[in-house]
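In: Quick one: sequence plus predicted model below, questions after.
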Amino acid sequence: MKYLEILFAAIFISNIMFYKLEGFPTISKKTKLKSLMINSTKLAIFTFVSALIVYPLNKYLFVGTTFSFLIPILIVLVLQNVVVLSNKVVDKIQFEEGRTNILETFILEDALVVTILLLILQSETYVGALVEVVGYMIGFMLMMLLLYTIKPKLDLPGIPKSFRGFPILLITTGLIAMIFMGLAGIL
């Protein structure tokens, strides 16, 4: 029951995209749902595998030492090695859409993954941290899907010219974030 509570809180209440605007999507008219979901799934896999490595390293090497300032560097190094490893696996199975440019992860997703990994380091248990990662990534995927479906409706006539595009998307995201903050009051 405890892990279900952690999962629900990570998906809806502590949604990383709404509270920190980390990983905010750049969805254009040319963005396809398939590529959006493939990128979100790749990001979820990178985050989960990085969490499998980073949490134990932090718990057994850095907690209680004066080297805790190295944790963000460790997270970035682990994440980039996971990306390189996944590219090797993708090359072996010849799945071209799965290949990830290393610089591509630095642009938008790296901030999201680093923030998630820094948040899970505060978890009490290893399994709780992994459940929290899964919850954050499910919440991120749901919000990407939600914003993908809302985006075409935001380009309809009737919206003032100065609000078209990204500004109305930010306003809409803010309203959705306030709805989820209302959920926090229920729990």
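Out: On my side now, so go ahead.
In: From now on I want contacts and neighbour counts done on CA atoms only, so please keep to that.
Out: Noted.
In: what stretches of the chain score poorly on pLDDT?
Out: Where the chain drops to pLDDT under 70, the residues are 13-29, 94-110, 184-187.
In: Sketch out the helices for it, chain order is fine.
Out: With DSSP state H applied, the chain shows helices at 2-8, 16-19, 33-57, 71-93, 102-104, 110-120, 126-150, 166-186, listed in chain order.
In: closest one to Gly158 among the ones you listed?
Out: Of all the helices of the chain, it is helix 166-186 that lies closest to Gly158, at 12.0 Å by C-alpha to C-alpha.
In: mind checking how far Ile116 is from Leu52?
Out: For Ile116, the distance to Leu52 equals 13 Å [C-alpha to C-alpha, to the nearest Å].
In: who's more crowded, these two?
Out: More crowded of Ile116 and Leu52, by other C-alpha atoms under 10 Å: Ile116, with 21 against 16.
In: which residues touch the nearest residue to that one once chain neighbours are set aside?
Out: Computed as C-alpha to C-alpha, 6 or more residues apart in numbering, the closest residue to Ile116 that is not its neighbour in sequence is Val133, at 7.0 Å. Counting by C-alpha atoms under 8 Å, 6 or more residues apart in numbering, Val133 makes contact with Ala10, Thr47, Phe48, Ala51, Ile116, Leu117, Ile120.
In: Would you mark the buried spots in stretch 67-85?
Out: Neighbour-count burial for stretch 67-85 flags Ile71, Leu74, Ile75, Val76, Val78, Leu79, Gln80, Val82, Val83, Val84 (criterion: 16 or more other C-alpha atoms under 10 Å).
In: what's Gly158 sitting at in phi/psi?
Out: Main-chain dihedrals, Gly158, degrees, to the nearest 10: phi 110, psi -10.
In: Pull the number of nearby residues for it.
Out: 8.
In: So it versus Ile168, what's the distance?
Out: For Gly158 relative to Ile168 (C-alpha to C-alpha), the value is 12 Å.
In: Perfect, I'm done here.
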